[in-house]
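> Need the 3D shape of this:
(chains A and B)
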Amino acid sequence: MNKKLWTLLALILAFVLVLGACNGEGEKSDGKDSPAKDNENEEVVDTGSFPLNVENEGDVIKGGTLKVALVNDSPFQGIFSSVLYEDAYDSDIMDFASNLIFETDGDFLLTKDGIAGMEVDQDNNKVKITIKDGVKWSDGEPLKIEDLMQPYLIIGHPDYTGVRYDVDFQNIVGAVEYHDGKADAISGLKKVDEKTLEISFNKLSPAIFSSGDGLWSYAEPSHILKDIPVKDLLESDAVRKNIVTLGAFKFDKIVPGESVQFVKNENYWKGAPKLDSVLVKTVPSTSISVALQTGEYHMTANTFSTDKYLEIKDFDNLTVLGRNELYYQYIGFKLGKYDKDKSEVVMNADAKMGDVKLRQAMGYAIDVEQVSEVYYNNLRERATSLIPPVFKSFYDDSLEGYTYDVEKANALLDEAGYKDVDGDGLREDKKGKPLEIKFATMSGGDIAEDIASFYMQNWKDVGLNVTLSTGRTIEFNSFYDKIEADDPEVDIFMAAWGTGTNPSPSGLYSKTAQYNFSRYTSEKLEGILAAIDSPEAFDAEYRAGKFREWQEYMSENAPIIPTQYRLELRPINKSVKNYDIDYADKIDWNEVELISEDPAKSSK
Amino acid sequence: MWKTIIRRILVMIPQLLVLSLLIFIMAKFMPGDPFTGMVTPDTDPARIEELRQQAGFYDPWYQQYATWMMNAVQGDFGKSYTYKVAVADLIGDRALNTLWLSLVSVFLLYLIAIPLGVLAGRYQNTFLDKTVVLYSFISYAIPVFVLALIFLFLFGYKLQWFPTSGTVDIKYENGSLGYIWSKFYHLLLPAITYAVLGTTGVIQYLRTEVIDAKSQDYVRTARSKGIPLNKVYSRHIFRNSLLPIAAFLGFTITGLLGGSIFIETIFGYPGMGQLFIQSISGRDYSVITALVMLYGFLTLLGSLLSDIIMSIVDPRIRID
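Down below sits the predicted model:
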């Protein structure tokens, strides 16, 4: 009996100790959930200080295993095919064994340095793709022209259920006939010889250089996939288990949803990698910081959430790299409706937000810089244009955007005739009737509501009565339902776009675009958008000029006002010799080396 | 008794039908659909419309329901919109993970709770009793995600006694001895977390029952016949005190498949709880409906099992 008692006491003691530890670490886990609130008074991060690459001191080891954390709170889907995957996490994993055939420069324009090079025949709407000699698949099979055609045959197939069969894809001659089952092949794809593929398009625009217009930049192993019916492909071992690729590493073992082991691809066309293998493992976001601190992983496979930057910034075993994301957040003003029958935007002349001065005033009234500083620790910056600055030759660096200027906002509102008639401190509309602007914003994280209230206070400061649509922040699905349906409960909304690598704005802002959520259009705008993708725009300088014109026009007319750009972080352990996240000059996986097999631990 | 059991099983059919109808309609009432999340500048809205058409989202609900029901009766619950695999396979994989985790959790839970409950009852009002009660209050008050994070941090990362995420180490061949050990090793820490926190109910029930039983006539009789105290506790009192726990056993067994969203998310352990939440936020209709049906069925089965178990352990109760 005494013995039992002692065991029990020991257990209780252990428990108390654990609770004691809770006090120390408890704060930490609290901080994870609401970084912004806790960190208001902490030091502010200097955004400019994130390097794009790292070169660590020390002698490299031979081979070794790179341990990579995939930060993800749920299991990954595990569809490892560029034509079939839908989840960004699958794409992050596939990066180690990519079937990409084109390489790109800093503006994401195709270069001739990759497996394949492209020549554009503008007059005949044709593109010629030539592949390098001696490129082999990871199973030793040589790369053939059929492998370049295979993705088109899958995407265009009547049984294909993905989103990639789109209006761009239909631009390939014969794609629609193939999709409708009227043809066995896509007539626009022609194998010229063993090294050359010719693709005919209905029309060509400069987007072809950004891999737009229907051009596909990945190969698929036709010697394996051609015998699998397209409807069975998604569940087949060829994309789930035994995946054949062109990349630096090849898939070795997969634990579905959890981890992937890669080994080096001796057949890699740029030369076999220096590492022996790569282990990618899912790590929940709640513990990623500790995992990096204790040296469980060399790096992350995907973006490290900026919310958690303060947790890792003092760890001395890491270098945090940073680059601008292809992303902008914006505030949109509802100015009309989308007519589904005609498939076009119809502007409402009497829209509540119809006055451009009101929109501009709302842009000047918000203090985006303070939001970046207080809520995002300066890991976001105020956006000035609708093209992220990453696109160096398209981004208009002369634009100032909407800087915080209360006086200007007030002046604009006075000028436009929004006056406070009844003296309650809030402006009435031009006719003297109460003006209530309904603001839709998405729920998510702890700071979504705080930021919404902050902006609403900003607007109140210039006398505008802005209230939340539905009275609270809105769940993602309902939010887009409301925005897409032009719900009368929404006057303005805050949303974001990840822009992708093709900067052409037509898909988001043209008269026929369903994603033109502010429902703004004008003849001038249509003209500029058409010019950006016109034949004249094959001249790079002309196109860049039109891009600038477009950005200035949008800034001036403010149908949507960009608010923030976002920074993408990548922590790299000190035991990784070299790494680089520069879009223009990204390091290839075959060059990455390790200084030690085990990642370094932080002394803090 | 057999008649009753068969009758209750038959009654389940209309109950499940009503449940399926409700969940099917309510799932469709939710704003958005599986394709809402695909809105990016690179996706063509016309193509998304086409996919919605193909998926039959524009058909009248009764037609969608009928199609779904016809397939479901034949055991085909459709394909997951998110994971692109048959729902049955998806749930099967996750259910297996959750089942093992729950089994070990429940085993550990009883291993901790039963001795503590009995001892606390037996030595009522002693220091031991008070510590056990204190422990059970504290464990009741700590939210599961807090303890899960602490345990993961302490035993996973700092002391490195346990693996920190996943269900198995990738280096083992499927089915080998190392593989099985690795699976067990991975679920141990989440199971301990769950067990440490779940003990309150069992401890409190047992303790109260033991205290009650101490003053019962049959205990006095047994003592007066000269049966040693230890034997009275282990034979007479213990058996009777387990009754209220047995009453819940049916639910405990069928509840094994419920999973815990917090434990699964923090330990990166793919299980049922996470799948359920995820399928709701991703509007993965086929998975939502299949899971609710499964949970509904298990709950009904649980209550039946509990009744049967009660009638076995407590001869005073008979079901007819």
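> Count the neighbours of residue B:11 for me.
12 (other Cβ atoms under 10 Å in any protein chain shown). C-beta here means a position set from N, CA and C on the backbone, and glycine is covered the same way.
> got the contact list for residue A:563?
A:328, A:329, A:330, A:331, A:366, A:368, A:371, A:382, A:383, A:494 (Cβ atoms under 8 Å, 6 or more residues apart in numbering or on different chains).
> wait, is it part of a strand?
Yes: Residue A:563: assigned to a strand according to DSSP: H, G, I helix; E, B strand; the rest coil.
> And the pLDDT for it?
Listed pLDDT for residue A:563 reads 94.
> Flag the shaky bits of the stretch 201-320 of chain B, pLDDT-wise.
B:317-320 (pLDDT under 70).
> Which part of it gets nearest to chain A, residue-wise?
residue B:270 (4.3 Å; Cβ to the nearest Cβ).
> What is the nearest of the contacts of residue A:563 to residue A:230?
Nearest to residue A:230 out of the contacts of residue A:563 is residue A:328 (Cβ to Cβ; 36.0 Å).
> mind listing what the residue nearest to residue A:286 when sequence neighbours are not counted touches?
Counting by Cβ to Cβ, 6 or more residues apart in numbering or on different chains, residue A:286 lies nearest to residue B:266, which is 5.4 Å off, once chain neighbours are set aside. By Cβ under 8 Å, 6+ apart, the contact list for residue B:266 reads A:284, A:286, A:287, B:145, B:148, B:149, B:152.
> Mind putting the residues you listed into CSV with secondary structure and distance to residue A:94?
Below are the contacts of residue B:266 laid out as CSV (DSSP: H, G, I helix; E, B strand; the rest coil; distance: Cβ to Cβ, whole Å):
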residue, secondary structure, distance to residue A:94
A:284, coil, 21
A:286, coil, 25
A:287, coil, 24
B:145, helix, 32
B:148, helix, 31
B:149, helix, 31
B:152, helix, 29
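> So which of those is the closest to residue A:301?
Closest approach to residue A:301 among these (Cβ to Cβ): residue A:284, at 14.1 Å.
> Which helix in chain B has the most residues?
Counting by DSSP state H, the longest helix found in chain B is helix B:87-122.
> Test my guess that residue A:141 contacts residue A:219.
No: look at residue A:141 against residue A:219 with Cβ atoms under 8 Å: they stay out of range, at 11.6 Å.
> higher neighbour count, these two?
The neighbour comparison of residue A:141 against residue A:219 (other Cβ under 10 Å) goes to residue A:219, with 26 against 15.
> For the more buried one, what are phi and psi?
phi -100, psi 160 (degrees, to the nearest 10).
> With adjacent residues omitted, what lies nearest to it?
That would be residue A:147: by Cβ to Cβ, 6+ apart, it lies 4.4 Å from residue A:219.
> Next, the one you found: phi, psi?
Torsion angles, degrees, to the nearest 10, at residue A:147: phi -70, psi -30.
> ok, it to chain B distance?
Applying Cβ to the nearest Cβ, to the nearest Å, the value for residue A:147 to chain B is 23 Å.
> residue contacts, that residue?
Counted by Cβ under 8 Å, 6+ apart, residue A:147 has contacts A:137, A:219, A:220, A:221, A:222, A:223.
> Which one of those residues sits in the busiest neighbourhood?
residue A:220 (29 neighbours).
> Spit out the contact partners of the residue nearest to residue B:139 when sequence neighbours are not counted.
In space, and not counting its chain neighbours, residue B:139 is closest to residue B:197: 5.3 Å by Cβ to Cβ, 6+ apart. Residue B:197 is in contact with B:139, B:140, B:142, B:144, B:147, counting by Cβ under 8 Å, 6+ apart.
> Could you rerun that using 10 Å?
Residues counted as contacts of residue B:197 (Cβ atoms under 10 Å, 6 or more residues apart in numbering or on different chains) are B:105, B:109, B:138-144, B:146-148, B:260, B:263.
> closest to residue B:78 among the contacts of residue B:266?
Among the contacts of residue B:266, and counting by Cβ to Cβ, the member closest to residue B:78 is residue A:284, at 28.7 Å.
> since we're on the closest one, how many residues are nearby?
Counted with other Cβ under 10 Å, residue A:284 comes out at 22.
> Would you check how far apart it and chain B are?
Computed with Cβ to the nearest Cβ, the distance linking residue A:284 and chain B is 5 Å.
> OK, contacts around the closest residue to that residue other than its chain neighbours?
Nearest non-adjacent residue to residue A:284, counting by Cβ to Cβ, 6+ apart: residue B:268, 4.7 Å away. Each residue near residue B:268 by Cβ under 10 Å, 6+ apart is listed here: A:70, A:72-75, A:257-259, A:281-287, B:152, B:163-167, B:186, B:190, B:274.
> what do you get if the cut-off is 8 Å, keeping everything else the same?
Counting by Cβ under 8 Å, 6+ apart, residue B:268 has contacts A:258, A:282, A:283, A:284, B:164, B:165, B:166.
> Okay, buried residues for the strand or helix carrying residue B:66 please.
Using DSSP states H and E, residue B:66 sits within helix B:61-73. Buried residues in helix B:61-73, defined by neighbour count with 16 or more other Cβ atoms under 10 Å in any protein chain shown: B:64, B:65, B:68, B:72.
> would you turn these into CSV with pLDDT and distance to chain A?
Listed next are the buried residues of helix B:61-73 as CSV, based on pLDDT from 0 to 100; distance: Cβ to the nearest Cβ, whole Å:
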residue, pLDDT, distance to chain A
B:64, 86, 18
B:65, 88, 21
B:68, 86, 18
B:72, 83, 20
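> Nearest to chain B within the stretch 301-450 of chain A, name that residue for me.
Taking Cβ to the nearest Cβ, the stretch 301-450 of chain A has residue A:343 as its residue nearest chain B, at 8.4 Å.
> That residue is in contact with residue A:513, isn't it?
No: Residue A:343 sits out of contact with residue A:513 when judged by Cβ under 8 Å, with a separation of 9.5 Å.
> Between these two, which has more neighbouring residues?
residue A:513 (21 against 13).
> Settle this for me: that one is touching residue A:506, isn't it.
Yes: assessed by Cβ under 8 Å, residue A:513 is found in contact with residue A:506 at 6.8 Å.
> Mutual contacts of those two, please.
Joint contacts of residue A:513 and residue A:506 (Cβ under 8 Å, 6+ apart) do not exist.
> Can you name every helix or strand that the longest helix of chain B contacts?
helix A:2-33, helix B:127-141, helix B:177-198, helix B:200-214, helix B:238-241, helix B:272-281, helix B:285-313 (3 or more Cβ pairs under 8 Å, 6 or more residues apart in numbering or on different chains; DSSP states H and E).
> could I get those helices as CSV with distance to residue A:301?
CSV is the format used below for those (distance: least, Cβ to Cβ, whole Å):
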stretch, distance to residue A:301
helix A:2-33, 20
helix B:127-141, 37
helix B:177-198, 21
helix B:200-214, 40
helix B:238-241, 53
helix B:272-281, 20
helix B:285-313, 26
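> what's the most buried one of those?
Mean neighbour count (mean count of other Cβ atoms under 10 Å in any protein chain shown) peaks for helix B:272-281 among these, with a mean of 21.
> Any part of that helix near chain A?
Yes: against chain A, helix B:272-281 shows contacts by Cβ under 8 Å from any Cβ of the partner chain at B:274, B:278, B:281.
> Make CSV from the contacts of residue B:266 and add pLDDT and distance to residue B:204 to it.
As requested, the contacts of residue B:266 are exported to CSV (pLDDT from 0 to 100; distance: Cβ to Cβ, whole Å):
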residue, pLDDT, distance to residue B:204
A:284, 91, 32
A:286, 88, 31
A:287, 90, 32
B:145, 88, 23
B:148, 91, 23
B:149, 91, 26
B:152, 91, 28
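> nearest to residue B:34, of those residues?
Distances from residue B:34 to those, taken by Cβ to Cβ, are shortest for residue A:284, at 23.8 Å.
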